[in-house]
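S.K.: sequence first, then the predicted structure:
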Amino acid sequence: MTWSIFLNRYQHIKSNIFISAAIIALLQFTHALEYMMVGPLFKYISDDLGLPIGAAGYVTGAYTAASVVSGIVSFLFIDRLDKKRTLTINLALLAIITAITPFSPGLSTLLILRILAGLVGGITLGIGLALLLNRAPPEIRGRIIAIVVGAFSAVSLLGLPLSLYLAEHLSWHAPFWLIAAICVICLPLVSYCLPEETAEKITRPAAQSLSMSPAVLLASVANAVSNFAPFVIIPILVPILINLTQIPSDQIPLAFFVGGLSSYIGTHLAGRLADKWGALWTGSAASLLYCLTLVLLALNMINGYWFMILFMFSTYMRIVSSSVMSSYFPDNAHRAGFNLLQTAQTNLAATVAFFIPAALLGNNDVSSASISTILHLAIIAGALLPLYLWILSRILKRRAISQVAKITSP
């Protein structure tokens with residue numbers, strides 16, 4: 001009787017889509033913290049290893065560049081593999097690589113380990129999302145995606161502050177070992193609590209990789225389009241808050257906490273609105289708010305805390321909207337490959353966006369005049385998302401009509 005009850009509860013856990021979403025969100029948290037914490041921690045790393053502070057760009061860029069490469073290469077064959085087994089192997093490798101990173105004797109070894117982490121970590125989330133979204137009913141897909149994207153907010157609220165605290169009071173080694181420990185915790189959760197991909201196992205031997213057609217490229221660029229505009233601002237966010245909105249430097253952590261909380265609310269609100277009203281209208285409203293926020297910043301008409309609230313709120317609403325709409329493009333058999341291509345394009349867009357402020361600012365300090373061009377570029381890029389979502393919605397509608405016609409034709 002006791003064993004029967006245990007088995008019933010175990011099967012309930014494996015079949016509950018929200019429990020699966022929580023596990024994938026933990027993977028997302030781990031993946032996001034693993035690459036987002038390196039920049040803030042680099043001061044501690046450089047002091048310990050005797051590296052120039054400018055090497056931070058190489059170390060952070062090594063991860064994103066490797067993620068782009070692994071995403072594009074994996075796109076070609078990932079749909080033929082057992083995704084759950086691949087995800088488990090990836091997590092084990094990521095745990096090992098991250099655990100030995102603190103033992104790096106210098107820059108060369110550190111760069112090699114960050115490249116390896118990027119090659120492995122760059123495809124982890126794409127595979128996890130494929131396992132999740134293949135089971136998510138369309139009517140709750142927005143809420144499911146919001147749970148996973150909400151992990152980014154958790155990184156801002158909990159992950160980065162905890163990493164900095166550990167580095168300050170223990171050493172910069174501790175945050176990396178924390179990530180490795182979380183990866184180890186995720187291993188049994190993925191192995192035993194995520195459901196098997198039964199339908200795909202039957203068809204996998206005959207499966208073909210998703211072709212890189214114009215429609216596939218257009219659909220998979222969704223998150224790159226939504227993320228590019230805020231990513232142009234993020235590298236200079238701290239000097240914007242200090243120099244333009246006059247937030248004291250000792251209040252910057254509080255400003256980021258408020259922004260993280262706002263992003264969490266925006267993420268889950270966008271998920272529900274996308275399910276109810278559609279991703280096009282949700283993303284368009286968020287983009288309007290995003291552009292208005294930057295206009296108010298350019299005119300020096302917004303308080304620093306309100307800027308962080310509105311900027312983070314609208315940014316994460318845009319991310320959820322683009323993620324929800326693009327999730328309707330691939331079929332289940334090709335979702336993993338599509339997600340990996342999408343991740344690669346997003347990382348490529350992030351890499352380009354991160355370099356723009358440095359190229360345009362040069363040696364100038366952040367001021368209303370010096371970032372005028374950057375703000376104009378971010379506003380224009382932000383305004384492109386509604387147009388993109390409208391085009392993608394038309395493509396999805398035509399594909400749906402075509403598929404119905406094929407099914408009903410004699």
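M.R.: Good, I have the coordinates.

S.K.: in the helix or strand containing Leu94, what counts as buried?
M.R.: For Leu94, the host element (DSSP states H and E) is helix 83-100. By neighbour count on 16 or more other C-beta atoms under 10 Å, the buried set for helix 83-100 is 83-84, 86-88, 90-91, 93-95, 97-99. Yep, even glycine has a C-beta here, placed from its N, CA and C like the rest.

S.K.: what's the closest of the residues you listed to Asn300?
M.R.: Using C-beta to C-beta, Thr98 is the member of the buried residues of helix 83-100 that lies nearest Asn300, at 42.6 Å.

S.K.: domain map for this protein?
M.R.: 1-207, 210-410 (automatic domain parsing).

S.K.: what about the host helix or strand of Val59, average pLDDT?
M.R.: According to DSSP H and E, Val59 maps onto helix 56-75. Mean per-residue pLDDT for helix 56-75: 74.

S.K.: also stretch 124-141?
M.R.: Across stretch 124-141, the average pLDDT comes to 71.

S.K.: if we can go back for a sec, same for the helix holding Val59, what does it pack against?
M.R.: Here helix 56-75 touches helix 17-36, helix 38-49, helix 107-133, helix 335-361, going by 3 or more C-beta pairs under 8 Å, 6 or more residues apart in numbering; DSSP states H and E.

S.K.: which other helices and strands contact the last one?
M.R.: So that's helix 335-361. Applying 3+ C-beta pairs under 8 Å, 6+ apart, one finds that helix 335-361 contacts helix 56-75, helix 107-133, helix 214-220, helix 222-233, helix 372-408.

S.K.: between that helix and helix 107-133, what angle do the directions make?
M.R.: Between the axes of helix 335-361 and helix 107-133, defined by axes from the mean of the first three to the mean of the last three C-alpha atoms, to 10 degrees, the angle is 130 degrees.

S.K.: same question for helix 335-361, mean pLDDT?
M.R.: 77.

S.K.: please identify the buried residues of that helix?
M.R.: For helix 335-361, by 16+ other C-beta under 10 Å, it's 335-351, 353-354, 356-357, 360-361.

S.K.: what's the answer for the first one, then?
M.R.: Along helix 17-36, these residues count as buried under the neighbour rule (16+ other C-beta under 10 Å): 17, 20-21, 23-36.

S.K.: what helices or strands is the helix or strand containing Lys276 leaning on?
M.R.: For Lys276, the element it lies in under DSSP H and E is helix 252-277. Identification of packing neighbours for helix 252-277 by 3+ C-beta pairs under 8 Å, 6+ apart yields helix 141-154, helix 160-169, helix 279-298, helix 304-326.

S.K.: what residues of the shortest one count as buried?
M.R.: Think helix 160-169. 160-164, 166-167.

S.K.: hmm, back to that, tabulate the helices and strands packed on helix 335-361 (CSV), appending mean neighbour count and distance to Leu189.
M.R.: Below are those laid out as CSV (neighbours: other C-beta atoms under 10 Å; distance: least, C-beta to C-beta, whole Å):
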stretch, mean neighbour count, distance to Leu189
helix 56-75, 20, 22
helix 107-133, 23, 11
helix 214-220, 17, 28
helix 222-233, 24, 25
helix 372-408, 15, 33
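
S.K.: any chance of these in a markdown table, plus distance to Ala285?
M.R.: Output for the helices and strands packed on helix 335-361, formatted as a markdown table (distance: least, C-beta to C-beta, whole Å):
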| stretch | distance to Ala285 |
| --- | --- |
| helix 56-75 | 30 |
| helix 107-133 | 24 |
| helix 214-220 | 22 |
| helix 222-233 | 13 |
| helix 372-408 | 9 |
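
S.K.: of those, which approaches Val320 most closely?
M.R.: From the helices and strands packed on helix 335-361, taking C-beta to C-beta, the stretch that ends up closest is helix 222-233, at 8.9 Å.

S.K.: the inter-axis angle of that closest one versus helix 141-154?
M.R.: Angle, helix 222-233 to helix 141-154, by the same axes, to 10 degrees: 30 degrees.

S.K.: what angle do helix 279-298 and helix 222-233 make with each other?
M.R.: Using the same axes, to 10 degrees: helix 222-233 against helix 279-298 is 10 degrees.

S.K.: which residues are contacting helix 222-233?
M.R.: 240, 283, 290, 294, 311, 315, 318-319, 321-323, 325-326, 342-343, 345-346, 348-350, 352-354, 356-357, 374, 377-379, 381-382, 384-385, 388-389, 392 (C-beta atoms under 8 Å, 6 or more residues apart in numbering).

S.K.: then stretch 269-287?
M.R.: By C-beta under 8 Å, 6+ apart, stretch 269-287 touches 139-147, 149, 226, 266, 314, 316-322, 324-325, 382-383, 385-386, 389-390, 393.

S.K.: can you rerun that using 6 Å?
M.R.: Here stretch 269-287 makes contact (C-beta atoms under 6 Å, 6 or more residues apart in numbering) with 142-143, 146, 314, 317-318, 320-321, 324-325, 382, 385-386, 389, 393.

S.K.: of the buried residues of helix 83-100, which is the nearest to Ser368?
M.R.: Thr98 (40.8 Å).

S.K.: please identify which of the helices and strands packed on helix 252-277 is closest to Val366.
M.R.: Counting by C-beta to C-beta, Val366 lies closest to helix 279-298 out of the helices and strands packed on helix 252-277; the figure is 11.5 Å.

S.K.: for that closest one, buried residues please.
M.R.: 279-280, 282-287, 289-291, 293-294, 297-298.

S.K.: thinking again about what came up before, output the helices and strands packed on helix 252-277 as CSV; include the columns distance to Leu218.
M.R.: CSV is the format used below for those (distance: least, C-beta to C-beta, whole Å):
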stretch, distance to Leu218
helix 141-154, 19
helix 160-169, 34
helix 279-298, 15
helix 304-326, 10
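
S.K.: any idea which of the contacts of stretch 269-287 is closest to Cys183?
M.R.: Ala146 (23.7 Å).

S.K.: contacts only, for that closest one.
M.R.: The contact partners of Ala146, by C-beta under 6 Å, 6+ apart, come to 267-268, 271, 320.
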